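>>> Okay, predicted coordinates and the sequence, questions at the end:
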Amino acid sequence: MNTTPDRSLTQTAETIGDLLLQSTRLGLQLLETLAAASMADVKQTLTGSMSKLKSRSACGCEIPPPCWAPVSLGEVTSHVCPGGTASIRIRVTNCDVAAATIHFDASGKDSTVTITPATLSLGPMERGVAVASQTVPATAGHGQTYEQLIWVRGCRTHYLRWTVTTSSRGVDCCHEIDVDDCMDQVHHWYDHFYCPRPCAHRDSADRQ
C-alpha cells in the first residue's frame, strides 16, 4: 500500500502550521512594540501637558496687589564711607496726554534725605529727573544703616525702599530708577477679590 501522498499531505499541513505560528508570533511582537511606543508617547504627552498646566497655574493664579495700592519700585542699597553721600536719580515719565505735577518726599526714622527738585511739572509724555541724596555723618560707625522710603506721587503713588550703609570701602555712588507714571485703565479679574479692611488695632486718628 502506497502511503506517500498521505505523508506529503501531512508534511504540507505541518509546514503551513509552522508558517502560521511564526506569522502569529511576529504579529504579536509587532503589536507589543507598537503598544510600548504608543504608551511612551502617551506618557511623554501627558508629562508635557502637566508641566504646562503647572507653569500656567503658578503664573496665572497669583493675585498682584490691588490697583489702588502704592506701587513698589523695589529696594536699593548704597554703601558709602562715613561722611560720604549716596544719591539716587529718579527719572519719571508722564504717560498721560495731559500735563502732570509729580511730587517727591522721603519718610523714615531720622531721615535726612533731600530731594531736588521737590516737584516736577511734566507735559504730555515728557520726562523729568529728580535727585535724592543722603549724606552720612562723618562720625557714623562701621555698618550703620539708614533706611527710608522715597515717595513719588503723580497719577499713581510709587515708593522706593532705600537703605544706606556705612562701609570702610564705600564710595560716593548714584543709582538710577525709572518710574513710568501711567494710568491703570485695565479691569483685571482679580479686582473682585479686594475689599477695604482697615487694621483693627488702629483707632480712627491713626487712619486719618
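Done, it's in. Numbering: from 1, shown residues only.
>>> mind checking how far the nearest residue to Thr101 once chain neighbours are set aside is from Arg127?
Excluding the flanking residues, the one nearest Thr101 by Cβ to Cβ, 6 or more residues apart in numbering is Ser121, at 5.5 Å. Where C-beta positions appear, they are placed from N, C-alpha and C, glycine not excepted. Remark: distance between Ser121 and Arg127 (Cβ to Cβ, to the nearest Å) = 12 Å.
>>> Okay, strands next: where are they in this protein?
Taking DSSP state E as the test, the strands found in the chain are 71-80, 85-94, 100-107, 114-116, 119-122, 127-135, 145-153, 157-166, 173-181.
>>> Lowest average pLDDT across these?
Note on these: lowest mean pLDDT is at strand 173-181, with a mean of 87.
>>> quick revisit: who's in contact with the residue nearest to Thr101?
99-102, 128 (Cβ atoms under 8 Å, 6 or more residues apart in numbering).
>>> next one: Pro64
Counting by Cβ under 8 Å, 6+ apart, Pro64 touches 188, 190.
>>> Can you list the buried residues in stretch 106-115?
The neighbour-count check on stretch 106-115 (16 or more other Cβ atoms under 10 Å) flags 106, 108, 111, 113, 115 as buried.
>>> doesn't Val129 make contact with the last one?
No - applying Cβ atoms under 8 Å, one finds Ile115 not in contact with Val129, separated by 11.1 Å.
>>> ok, the residue nearest to Thr101 to Ile63 distance?
Distance from Ser121 to Ile63, by Cβ to Cβ: 36 Å.
>>> count of residues packed around Gly154?
Look at Gly154: counted by other Cβ atoms under 10 Å, it has 22 neighbours.
>>> I'd say it and Cys95 touch.
No - assessed by Cβ under 8 Å, Gly154 is found out of contact with Cys95, at 9.4 Å.
>>> Name the residues contacting each of these two.
In contact with both Gly154 and Cys95: Asp181, using Cβ under 8 Å, 6+ apart.
>>> and the protein, what are its domains?
Using automatic domain parsing, the domain parsing of the chain gives 1-56, 71-184.
>>> Compute the first-to-last residue distance for the last one.
Across its full length, domain 71-184 reaches 11 Å end to end, with Cα to Cα, to the nearest Å as the criterion.
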